[in-house]
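In: Generate a structure from the sequence data that follows.
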Amino acid sequence: MNTLDTTFPATNAAASQAPSEKSVAVAFSPAQSSTPAGSESLSWLGVRPSHAAGFVLSVAFHAWLLMTLFRLEVISPFEMIYSSIETRFSAEVEPPIVLEETPVFELANPDDRELPQVMAMNSTAVGRAIADRPELAVPAEFRQRFELAPPAPPIIDIPEGVELSDTIVVPGTTGQAMVQLDAALDRITWEIAQNLKEKKVLVVWVLDASASIVKQRQQIANRLKRIYSELDALDEKGEFGRATQPLISGVVTFGASTNFITPQPTDNADDVTRAIAEAPTDPSGVENTFTAVSQVLSQWGDYRHTQNRRLMILVITDEAGDDHGPPLELAISRCRNFGAKAYVVGPAAPFGRRQGFVDYVAPEDGKTYRLPVDLGPETVVAEGVDLPFWYDGPQYTYLSSGFGPYALTRLVHETGGIYFMTNLTTTQSLSITGEFDSQKMKPFEPEYRYGTPQDLLRVLSKNPLRASVVTAAEFSQATKIRSLGTPPMEFRVQPGNFRQQLTRAQESVAITSAAIERILANYPQGMERQGADKFLAQEKHPRWRVAFMLGYGRLLAQKARAYEYNSACAQLKTKMGDEDVAKKSNHWIFRPEPELQYAPIFKKTADQANKLLQMVIDEAPGTPWALLAQRELQDGFGIRVVERFIPPPPPVTARPQPPAQPKLAPKFAPEPKPQKPAPPPPPKPVLPKL
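Out: This is a model prediction of the structure:
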């Protein structure tokens, strides 16, 4: 028979409460339950004997079910309990921050100042803009808990109302702004401090030993006392780390030879300032600047590797240097090999010229002499036509170019340093010094990629416009036939000599015309007839454009003037006669006129000159080229003759003769007294070589 297996699994709730409970099984066999024991006793309940087994099974099952259900528990529904998290911090009590005492630096007695007060006020660094009324960009806020404010880091002394500008000091700056010597030294202090924050530094002061910079050398020595005291203060505050000897310095002078004033670099600031102040003067007048830079790096360049130092070469000179070419290129190469930056405090170059001059008063005779000095040019070769201006006004013979000498500036440009143009002794003869806006001058910066003039000439062979600028400028400065400038502009004539005076005037202007024609021959053939527009259309560089337009425009303008003047003289000679001069016109004044009056055939030449010069003013405002173009256009190209008549003075009447005096006995002259010998002439002054 089959066995009935009834299984009642435990509910989930029960299972969760008693995981050890198992399902309850009831198994029974029909054969065994057909005649259960005690079935007779169930008859009183009305249960048949045949149904006794089922009745017992049902009672057992329901009993079991009741017992099981009795053990079940009612579980309330699960509820999410949300509770806030509260975090509390307890600050530990720390001792108050003790601010380190800041050292106070005070000037000495005001009566014993090393520098005049005006000079100290002007000693602001390059790249700083002066504010008349400095204002705070953000209103000041008072702190309520000063003990938590961190101590302010030490800063280099900057006068009130001065703020640093980030528009001028960049690596390789060639220097377009004129600054005072103290301002340049202040900026160098900042450069040294910035380099010291990254590495240990070796600073080499390379000084010009010529006599023209003796005063500046003493001024530099006085200023260095402040510079090194500021650097020492920063070092004590830990701005440069805690390295041993973070800054060492050396002093070298140059002239015909290089002189190492400090045998080895030192960290003693007093030794450095004393070496600069007491350095001997070189009377040779030779300045081998770039040879000195090369020798410094040969002597001390290994400090970069042996002591892991950064090298800064600080050249201070008032001339352009005499050893251009290979010595310059060798100095640049060694600076690159040793990672040295060259900084130059030097003069401004005269515009388009190599030489300037210095006024020297000789103690022997008290006279003033002009001593030539090499200051330029600002380019590898001169680019300006040497031509005097007509009429009254400045000649601008020695005009500041707004840039430093080419060789010195190339050294700075190629090594990533800075050129500081300073108003030294040799630059006092330059006109308009430092008045050119550096931002306006920037597009007209020379090309510093040429090591020698030969490098430039190889490039110029492919560009006729640039080649004509250089050849015309070089020829104008080397030729012996030179323009004489303004011819005679006023004549007081008489009936017998007016033609001779006009002829001599024509001869002077003829020399000017010949000189101009010879310079114009260096420009491409047919340019004057065809116009310069075709050549200008191919040239995009601003400096070459304005150099060409200024030089060529000035030549055409003076050519038209010269022919106008010559024609005016010729017309007067043919128009006037002796009788006219005696009674109508004997005083002639030549004055400039906007339009040509006597040489109309040169009207096209005058118009072209006016156009080119006006283009210079439009394309290069605020530059030396615009200044010279305006000076040329100041007076017209034509001539107007003003005729006047001055009556001759009345004839002198003969005075009556006094009556004859009676003859007296002759008197003999006294015996001549011996004369004292004339004092010897003063000795001829010995002019120094600069």
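In: Give the residue spans of this protein that score low on pLDDT.
Out: Residue ranges of the chain with pLDDT under 70: 1-51, 70-178, 240-243, 426, 429, 431-435, 665-669, 690.
In: for it, what's the longest helix?
Out: In the chain, taking DSSP state H as the definition, the longest helix is helix 542-575.
In: how about whichever helix or strand comes after it: buried residues?
Out: With elements assigned by DSSP states H and E, the helix or strand that comes after helix 542-575 is helix 578-583. For helix 578-583, the neighbour count (16 or more other CB atoms under 10 Å) marks residue 581 as buried. To be clear about C-beta, it is placed using only N, CA and C from the backbone, and glycine gets the same treatment.
In: Pull helix 578-583 out as CSV, backbone CA atoms only.
Out: The C-alpha trace of helix 578-583 is given here as CSV (Å, rounded to 0.1, in the frame of the first residue of the first chain):
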residue,chain,number,x,y,z
ASP,A,578,71.8,147.8,-62.3
GLU,A,579,69.2,150.5,-62.5
ASP,A,580,66.6,148.3,-60.8
VAL,A,581,69.0,147.6,-58.0
ALA,A,582,69.9,151.2,-57.6
LYS,A,583,66.3,152.5,-57.5
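In: what residues does that helix touch?
Out: 493-496, 498, 645 (CB atoms under 8 Å, 6 or more residues apart in numbering).
In: Could you pull up phi and psi at residue 509?
Out: phi -70, psi -20 (degrees, to the nearest 10).
In: ok, now which ones touch it?
Out: Contacts for residue 509 (CB under 8 Å, 6+ apart) come out as 484, 487, 562, 565-566, 569.
In: Looking at the residues you listed, which is nearest residue 198?
Out: Nearest to residue 198 among those, counting by CB to CB, is residue 484 at 60.1 Å.
In: pretty sure the closest one contacts residue 505?
Out: No: counting by CB atoms under 8 Å, no contact exists between residue 484 and residue 505, whose distance comes to 10.8 Å.
In: So for these two, which residue has more residues nearby?
Out: Taking other CB atoms under 10 Å, residue 484 and residue 505 do not tie; residue 505 has more neighbours (20 against 15).
In: Is the more buried one part of a helix or strand, or is it coil?
Out: Judged by DSSP: H, G, I helix; E, B strand; the rest coil, the three-state class of residue 505 is helix.
In: do residue 249 as well
Out: Note that with three-state DSSP, the state of residue 249 is strand.
In: what about it, how many neighbours?
Out: Residues near residue 249, counting by other CB under 10 Å: 25.
In: circling back to that earlier point, filter the contacts of residue 509 down to the buried ones.
Out: For the contacts of residue 509, buried by 16+ other CB under 10 Å: 487, 562, 565-566, 569.
In: Need the max-distance pair from those.
Out: By the measure CB to CB, 562 and 569 form the most distant pair in those, at 11.0 Å.
In: how much space between residue 441 and residue 551?
Out: Going from residue 441 to residue 551 by CB to CB, to the nearest Å gives 19 Å.
In: between those two, which one's more packed in?
Out: The neighbour comparison of residue 441 against residue 551 (other CB under 10 Å) goes to residue 551, with 28 against 19.
In: Next, count neighbours for the closest residue to the more buried one other than its chain neighbours.
Out: Closest residue to residue 551 apart from its sequence neighbours, by CB to CB, 6 or more residues apart in numbering: residue 385 at 4.1 Å. For residue 385, the neighbour count with other CB under 10 Å is 25.
In: Residue 385 contacts residue 519, correct?
Out: Yes: between residue 385 and residue 519 there is a contact under CB under 8 Å: 6.5 Å.
In: Need the overlap of contacts for these two.
Out: Common contacts of residue 385 and residue 519, defined by CB under 8 Å, 6+ apart, comprise 472, 476, 555.
In: a strand runs through the second one, doesn't it?
Out: So that's residue 476. No: counting by three-state DSSP, residue 476 is not part of a strand but helix.
In: ok, it to residue 65 distance?
Out: Distance, residue 476 to residue 65, by CB to CB: 131 Å.
In: Closest one of the shared contacts of residue 385 and residue 519 to residue 421?
Out: Nearest to residue 421 among those, with distances taken as CB to CB, is residue 476, at 26.3 Å.
In: Give the burial count for the closest one, as a bare number.
Out: By other CB under 10 Å, 23 other residues sit near residue 476.
In: That one - nearest residue in space that isn't next to it in sequence?
Out: Counting by CB to CB, 6+ apart, residue 476 lies nearest to residue 386, which is 4.3 Å off, once chain neighbours are set aside.
In: and the one you found, helix, strand or coil?
Out: Assigned by three-state DSSP, the conformation of residue 386 is coil.
In: what sits against it?
Out: Contacts for residue 386 (CB under 8 Å, 6+ apart) come out as 352-353, 473, 476-477, 482.
In: one more time with 10 Å
Out: When contacts are counted by CB atoms under 10 Å, 6 or more residues apart in numbering, residue 386 touches 352-353, 397, 472-479, 482-483, 515, 519, 551.
In: Against residue 628, how distant is it?
Out: Separation of residue 386 from residue 628 (CB to CB): 12 Å.
In: Now list whatever residues contact both of those two.
Out: Shared contacts of residue 386 and residue 628, defined by CB under 10 Å, 6+ apart, comprise 352, 551.
In: Sticking with residue 390, tell me its helix or strand.
Out: Using DSSP H and E, no helix or strand contains residue 390.
In: Run a quick neighbour tally on it.
Out: Residue 390: 23 neighbours (other CB under 10 Å).
In: Quick check: nearest residue in space to it, chain neighbours excluded?
Out: Closest to residue 390 by CB to CB, 6+ apart is residue 486, at 4.6 Å.
In: Please look at that neighbour and residue 639 and confirm they touch.
Out: No: shown here, residue 486 and residue 639 do not form a contact pair, counting by CB atoms under 10 Å, at 11.9 Å.
In: Which residues does the helix or strand hosting residue 639 contact?
Out: Per DSSP H and E, residue 639 falls inside strand 638-644. Strand 638-644 has contacts (CB under 10 Å, 6+ apart) with 489-492, 560-561, 564-569, 571-572, 575-576, 580, 584-600, 602-603, 606.
In: before we move on, the earlier item: ok, of the contacts of residue 386, which come out buried?
Out: 352-353, 397, 472-474, 476, 482-483, 515, 519, 551.
In: Out of those, which is nearest to residue 654?
Out: residue 483 (50.8 Å).
In: For that closest one, which residues are in contact?
Out: By CB under 10 Å, 6+ apart, the contact set of residue 483 is 385-390, 476, 509, 511-516, 519, 555, 558, 562.
In: which stretch of helix or strand covers residue 591?
Out: Taking DSSP H and E as the definition, residue 591 sits inside strand 587-593.
In: just the angle between that strand and helix 542-575, please?
Out: 150 degrees (axes from the mean of the first three to the mean of the last three CA atoms, to 10 degrees).
In: what does strand 587-593 rub up against?
Out: Strand 587-593 is contacted by residues 390-391, 486-493, 498, 501-502, 505, 561, 564-565, 568-569, 572, 576, 581, 634-646 when judged by CB under 10 Å, 6+ apart.
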